[in-house]
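Asks: how does the following fold in three dimensions:
(one chain, ligands or ions: 1)
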Amino acid sequence: MKRIVLLRHGESTWNKENRFTGWTDVDLSEKGIEEALKAGEVLKKENFVFNKAYTSYLKRAVKTLNCVLDKLDQDWIPVEKSWRLNEKHYGSLQGLNKSETAEKYGEEQVLIWRRSYDIAPAPLAEDDPRNPRFDIRYKEVPDRELPRTESLKQTIERIMPYWEKVIFPNLKTADDLLVVAHGNSLRGIIKHLKNISDDEIVKLNLPTAVPYVFEFDDNYNLVKDYFLGDADEIKKKMNAVANQGKK
Ligand SMILES: O=C(O)[C@@H](CO)OP(=O)(O)O
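Replies: As a prediction, the model looks like this:
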């Protein structure tokens, strides 16, 4: 049996403040660190030994991974970071409070921006200092590939080359892989793995720092997927994420 564990980072300071984050590089909150350490403990209890881990270029994911590996005493394993695992770029919404945005534009519009498959928020202006083209960490990425905003569809399009060429083929030699990323970048991967329709994906809200295990047979077909943890608590966390876009 081969397994890939997907893990959304722990609560960030902007999750706490209920602000659209996207590619903004905010830190974990105190609670986020605790959640990340707890995820590590849960994986330890299940005796996971990872061959390799992947994460994004954003510190809330990187630090969550570090907390998990520390708890597992597997700090030594190879880790690869890629900008392709970054969160969906939230364009000009980045920094805005989600409830205030719902007051202004309506909950339905906010749901479209947050969860629809192919509608993207308005892009950042070319000269906006937050435009990724000004950020040194993306200097190796051709400008035409750097987003100014993204729909989930566009997020999936930039993740897939990395998923299909780098992460997934590793299952040939590895038994257990760990991917620590973000609410929407992981929704994109899950949509692909479970073949979820464009309409159904709107309903998926990922909880922070709850390990989501995907099991594959010898032909790399998905056989089973499940969250590790208390079902009621996970449901509560998912509802809380969904409610962030309400007035
Ligand atoms: O703001 C964001 O970048 C994401 C993840 O925290 O939020 P949402 O759940 O609204 O897509």
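
Asks: residue numbers of this structure in contact with the ligand?
Replies: Applying Cβ under 6 Å from any ligand atom, one finds that the chain approaches the ligand through 15, 20-22, 87, 90, 114, 182-184, 241, 244. Every C-beta, even on glycine, is put in place using the N, C-alpha and C of the backbone.

Asks: let's see it at 8 Å
Replies: For the chain, the contact set with the ligand under Cβ under 8 Å from any ligand atom comprises 12, 14-15, 19-22, 24, 87-88, 90, 94, 98, 114-115, 182-184, 205, 241, 244-245.

Asks: excluding covalently adjacent residues, which one is nearest to the residue nearest the centre of the chain?
Replies: In the chain, the residue lying closest to the centroid (Cα atoms, centre = their mean) is His182, at 1.5 Å. Excluding its sequence neighbours, the residue lying closest to His182 (Cβ to Cβ, 6 or more residues apart in numbering) is Glu87, at 3.6 Å.

Asks: list the beta-bridge partners for Val213.
Replies: When bridges are assigned using DSSP bridges, the partners listed for Val213 are Val5, Tyr226.

Asks: per-residue pLDDT, it?
Replies: As predicted, Val213 sits at a pLDDT of 98.

Asks: contacting residues around it?
Replies: When contacts are counted by Cβ atoms under 8 Å, 6 or more residues apart in numbering, Val213 is found next to 3-5, 224-228.

Asks: centre of the chain to stretch 136-149, how far?
Replies: Between the mean C-alpha location of stretch 136-149 and the chain-wide mean there is a distance of 19 Å, by Cα atoms, centre = their mean, to the nearest Å.

Asks: and that stretch, how far apart are its ends?
Replies: The separation between the terminal residues of stretch 136-149, taken as Cα to Cα, to the nearest Å, is 18 Å.

Asks: and what of stretch 217-235?
Replies: Stretch 217-235 has an end-to-end distance of 28 Å (Cα to Cα).

Asks: tell me which residues of it come out buried.
Replies: Buried residues in stretch 217-235, counted by 16 or more other Cβ atoms under 10 Å: 225, 227-229, 234.

Asks: stretch 89-109 now?
Replies: Across stretch 89-109, burial judged by 16+ other Cβ under 10 Å covers 89-94, 96, 98-99, 101-102.

Asks: please apply the same query to stretch 234-247.
Replies: Buried residues in stretch 234-247, defined by neighbour count with 16+ other Cβ under 10 Å: 234, 237-238, 241, 244-245.

Asks: repeat that for stretch 189-200.
Replies: So stretch 189-200, judged by 16+ other Cβ under 10 Å, has buried residues 189-191, 193, 196.
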